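Asks: Dropping a prediction and its sequence here:
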2 protein chains.
Amino acid sequence: MIRFVRHLPLAESEKQAILNTPREIRRFQRGDTIYRPDEPGDVARILVEGLAVQYRILRNGERQSADLVFPTRFCDLGCILFGESDHFLAALTDAEIVEISTGRVLDLFARYPQIPILLLHQETRSRSILFERLLSVGRRPAIRRLAHLLTEFRLRRELAGVPPSRSKRILLQQRWIGDFLGLTTEHVSRTIGKLKAMGLIEQHRNGIVILDPAGLARIAEFDAGYLHSGAEAPPQPASAHRRQGGPASAEFGSAGTKRAENKGWNR
Amino acid sequence: MIRFVRHLPLAESEKQAILNTPREIRRFQRGDTIYRPDEPGDVARILVEGLAVQYRILRNGERQSADLVFPTRFCDLGCILFGESDHFLAALTDAEIVEISTGRVLDLFARYPQIPILLLHQETRSRSILFERLLSVGRRPAIRRLAHLLTEFRLRRELAGVPPSRSKRILLQQRWIGDFLGLTTEHVSRTIGKLKAMGLIEQHRNGIVILDPAGLARIAEFDAGYLHSGAEAPPQPASAHRRQGGPASAEFGSAGTKRAENKGWNR
DNA sequence: CGTGTGCTTGAGGGAGATCAACGTACGTGG
DNA sequence: CCACGTACGTTGATCTCCCTCAAGCACACG
């Protein structure tokens, strides 16, 4: 928790205020459901350790995953703002969640206006990522979808500050990959096979290793612009506000490749 | 613009501040592109009149629409926060946009902290709608997707306060419907045919009329909870914060139908 | 060692895409 | 008022990507 707060782009007083707020730490095991939409939504939750996934289900049990949750992120803003969450959250690894009661969070909002602005950033970026996933699921063929997801995972893990030493393996069960991409596990398996055959990835025990990041990104037609990774700092009132490229945009220049070949979009 | 501000859940002083902020009104015609992601993003935009659609495109020109924009909404928060928008906005009807320079918006944020909180609400609701669209595109068959979109459109138009007198017709070209649902126009046409044959909708010149809202919602397995329509007011610090059902949840009781039949989700 | 859990592989089927006409409303200019 | 072009929608034939169903396999764990 302390580590989490320290990295927020907030003033010291604000960090102290958060640290002084009564909170509870809950630990979950890989596979646990962290919360469900039918539970009372009276707490705000922050993932401080581990990896989690947000999903919704259909009446027949089919599942669609929306987003990975890396530390350190407020999951479940709906809970704070509307008193109920609209999705499930499951732990993909052992995970640690900090819970703060909704009322106290709203007090923090009122006393430290930089906090809602920080959350606004987070939510806007998250919406952009969701938009890109929708684009994938709606319009990209399976192999591009998969390549895109793997590339996104790699970059976001870097951006979230996971040490690259800590195994480059992407530990995602094929069931979850399918739920992200709107595919069946069988088809995920076959599609992984294709990427393997192309020499772009490797599979060990449980986990995918990216052998050729650039090649994968090319298949995916990946453009890192949607991650908005260059603007981690809160906005500066009245000052010229330009983003400088982070590692992501350095690798896939956003201006250059973003809308090459967009003839036809206006048909 | 004045009408827009009056309806915001803000204090009088805040409304005045917005009204006193220098702004520009731009008008667009049906079919115009209002903004594109490659344009300089130095203004915040609010749709005050008309109907617009957000979309992204693939290199080959395929398009995926994410969301309808009803008045009165801040489109394009990415522009304010990150200095660039991540999508296109097109006018589905003649439309009116208010533009305020990014710097002035950030000043408003700093001086009236209720404003970013309002936007946080808007953005969170918008993300929830996007999540539901992803669920549709990823997991629902075409006929449910279409029924869901039409039902969502009907409810959101009501919630946005469009007078029901003003024609119950849903004026969406099949091309746009397809782009929302990840389908081709041909398949949209066939699917509309099925709903017509079931007596759920009717087609006039250009526009769909819903004959049987409840029947359509049943096909869609529609649950209005994701619209978060009961919580238009900003959050109340420290007070118990419960949402009361709006017209939407009155029609499709969210608690009752929400997660009936969720056995199997945990397979 | 059995049992479970996740992954793989194959055969067959189907929802939706693609390709190609054709129809219909509407605007524009003759 | 009619000829023509354009924009949308419809309809049909064919194809294909992905799903479904069904085994079989590999590995972890009791």
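Replies: Great, that's in hand. Numbers count the residues shown, from 1 in each chain, chains lettered A, B, ... in the order given.

Asks: now chain A, which segments are flagged as low pLDDT?
Replies: Across chain A, the ranges flagged by pLDDT under 70 are A:1-8, A:164-167, A:206, A:230-267.

Asks: for DNA strand C, what are the nearby residues on it?
Replies: A:Gly31, A:Gln173, A:Gln174, A:Arg175, A:Thr185, A:Glu186, A:Ser189, A:Arg190, A:Ile192, A:Gly193, A:Gln203, A:Asn206 (Cβ under 7 Å from any atom of the strand). Using the backbone N, CA and C atoms, a C-beta is placed for each residue, glycine as well.

Asks: Buried only: go through those for me.
Replies: Those of those that meet the buried threshold are A:Gln174, A:Ile192, by 16 or more other Cβ atoms under 10 Å in any protein chain shown.

Asks: would you list the residues of chain A next to DNA strand C in CSV and tack on distance to chain B and secondary structure?
Replies: As requested, the residues of chain A next to DNA strand C are exported to CSV (distance: Cβ to the nearest Cβ, whole Å; DSSP: H, G, I helix; E, B strand; the rest coil):
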residue, distance to chain B, secondary structure
A:Gly31, 10, coil
A:Gln173, 12, coil
A:Gln174, 14, helix
A:Arg175, 9, helix
A:Thr185, 11, helix
A:Glu186, 15, helix
A:Ser189, 17, helix
A:Arg190, 18, helix
A:Ile192, 18, helix
A:Gly193, 22, helix
A:Gln203, 23, strand
A:Asn206, 19, coil
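
Asks: Out of the residues of chain A next to DNA strand C, which comes closest to B:Ser126?
Replies: Of all these, A:Arg175 has the smallest distance to B:Ser126: 28.6 Å, by Cβ to Cβ.

Asks: so the closest one touches A:Thr185, yeah?
Replies: Yes. Taking contacts as Cβ atoms under 8 Å, A:Arg175 lies within contact range of A:Thr185: 5.3 Å.

Asks: if I pick the residue most central in space within chain A, what's in contact with it?
Replies: Nearest residue to the geometric centre of chain A (Cα atoms, centre = their mean): A:Leu68, 4.1 Å. Residues in contact with A:Leu68 (Cβ atoms under 8 Å, 6 or more residues apart in numbering or on different chains) are A:Leu51, A:Ala52, A:Val53, A:Leu92, A:Phe153, A:Arg156.

Asks: switch to 7 Å and redo it
Replies: Counting by Cβ atoms under 7 Å, 6 or more residues apart in numbering or on different chains, A:Leu68 makes contact with A:Leu51, A:Val53, A:Phe153, A:Arg156.

Asks: Let's verify the second one: helix, strand, or coil?
Replies: Per DSSP: H, G, I helix; E, B strand; the rest coil, the secondary structure class of A:Val53 is strand.

Asks: sorry, back to before: ok, which pair from the contacts of A:Leu68 is furthest apart?
Replies: A:Val53 and A:Arg156 (12.8 Å).

Asks: between those two, who's got more neighbours?
Replies: Neighbour comparison, A:Val53 and A:Arg156: the larger count goes to A:Val53, with 21 against 18 (by other Cβ atoms under 10 Å in any protein chain shown).

Asks: before we move on, back to that, now render the contacts of A:Leu68 as CSV, adding distance to A:His87.
Replies: Output for the contacts of A:Leu68, formatted as CSV (distance: Cβ to Cβ, whole Å):
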residue, distance to A:His87
A:Leu51, 16
A:Val53, 10
A:Phe153, 19
A:Arg156, 19
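
Asks: any idea which of those is closest to B:Pro22?
Replies: Checking those against B:Pro22 with Cβ to Cβ, the nearest one is A:Arg156 at 38.2 Å.

Asks: Would you check how far apart that closest one and A:Ser136 are?
Replies: Counting by Cβ to Cβ, to the nearest Å, the gap from A:Arg156 to A:Ser136 is 15 Å.

Asks: again with A:Ile80
Replies: Between A:Ile80 and A:Ser136 the distance is 29 Å, computed by Cβ to Cβ.

Asks: all strands of chain A, in order?
Replies: A:24-28, A:33-35, A:43-49, A:52-57, A:63-69, A:73-75, A:88-91, A:95-101, A:201-204, A:207-210 (DSSP state E).

Asks: Mind listing what's buried along the second one?
Replies: What it means is strand A:33-35. Per 16+ other Cβ under 10 Å, strand A:33-35 contains these buried residues: A:Ile34, A:Tyr35.

Asks: what's the offset of that strand from the middle of its chain?
Replies: Chain-centre distance of strand A:33-35: 17 Å, with Cα atoms, centre = their mean, to the nearest Å.

Asks: Packing partners of that strand?
Replies: strand A:88-91 (3 or more Cβ pairs under 7 Å, 6 or more residues apart in numbering or on different chains; DSSP states H and E).

Asks: Which neighbours in the sheet does the strand it packs on have, and how are they oriented?
Replies: strand A:33-35 (antiparallel), strand A:52-57 (antiparallel) (DSSP bridges).

Asks: thinking again about what came up before, out of the strands of chain A, flag the one nearest B:Leu227.
Replies: Going by Cβ to Cβ, the one of the strands of chain A nearest B:Leu227 is strand A:52-57, 13.8 Å.

Asks: what comes into contact with that closest one?
Replies: A:34, A:63-69, A:75, A:87-92, A:95, A:176, A:179, B:131, B:135, B:262, B:265.

Asks: Can you name the residues of the stretch 1-150 of chain A sitting close to DNA strand D?
Replies: So the stretch 1-150 of chain A meets DNA strand D at A:Pro141, A:Ala142, A:Ile143 (Cβ under 7 Å from any atom of the strand).

Asks: So which of these sit within helices?
Replies: Among these, the ones falling in helices (DSSP state H) are A:Ala142, A:Ile143.

Asks: Buried subset of the residues of the stretch 1-150 of chain A next to DNA strand D, written for PyMOL?
Replies: To isolate the buried subset of those in PyMOL, counting by 16+ other Cβ under 10 Å, use the following:
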select buried, chain A and resi 142+143
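
Asks: Any idea how many residues pack against A:Phe222?
Replies: Counted by other Cβ under 10 Å, the residues lying close to A:Phe222 total 26.

Asks: now that we're looking at it, how far away is DNA strand D from it?
Replies: Distance, A:Phe222 to DNA strand D, by Cβ to the nearest atom of the strand, to the nearest Å: 17 Å.

Asks: DNA strand C versus that residue, what's the distance?
Replies: 21 Å.

Asks: that older thread, adding distance to B:Ala214, write the residues of the stretch 1-150 of chain A next to DNA strand D out as JSON lines.
Replies: JSON lines is the format used below for these (distance: Cβ to Cβ, whole Å):
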{"residue": "A:Pro141", "distance to B:Ala214": "37"}
{"residue": "A:Ala142", "distance to B:Ala214": "36"}
{"residue": "A:Ile143", "distance to B:Ala214": "41"}
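
Asks: Just the closest of the residues of the stretch 1-150 of chain A next to DNA strand D to DNA strand C, please.
Replies: A:Pro141 (8.9 Å; Cβ to the nearest atom of the strand).

Asks: Next, that closest one: phi, psi?
Replies: Note on A:Pro141: its backbone torsions stand at phi -70, psi 160 [degrees, to the nearest 10].

Asks: And it, how far from B:Asn60?
Replies: 11 Å.

Asks: what's the answer for A:Pro116, then?
Replies: In terms of Cβ to Cβ, A:Pro116 sits 40 Å off from B:Asn60.

Asks: Looking at these two, which has the bigger crowd around it?
Replies: A:Pro116 (28 against 12).

Asks: so what's the more buried one up against?
Replies: A:Phe109, B:Pro116, B:Ile117, B:Leu120 are the contacts of A:Pro116 under Cβ under 7 Å, 6+ apart.

Asks: Please repeat the previous calculation with a cut-off of 8 Å.
Replies: Neighbouring residues of A:Pro116 by Cβ under 8 Å, 6+ apart: A:Phe109, B:Pro113, B:Pro116, B:Ile117, B:Leu120.

Asks: Compare the residues you listed and tell me which has the most neighbours.
Replies: Busiest of those [other Cβ under 10 Å] is B:Pro116, holding 28 neighbours.

Asks: and the longest helix seen in chain A with strand A:43-49, angle?
Replies: Ranked by residue count and defined by DSSP H, the top helix of chain A is helix A:114-139. Angle between the axes of helix A:114-139 and strand A:43-49 is 70 degrees (criterion: axes from the mean of the first three to the mean of the last three Cα atoms, to 10 degrees).
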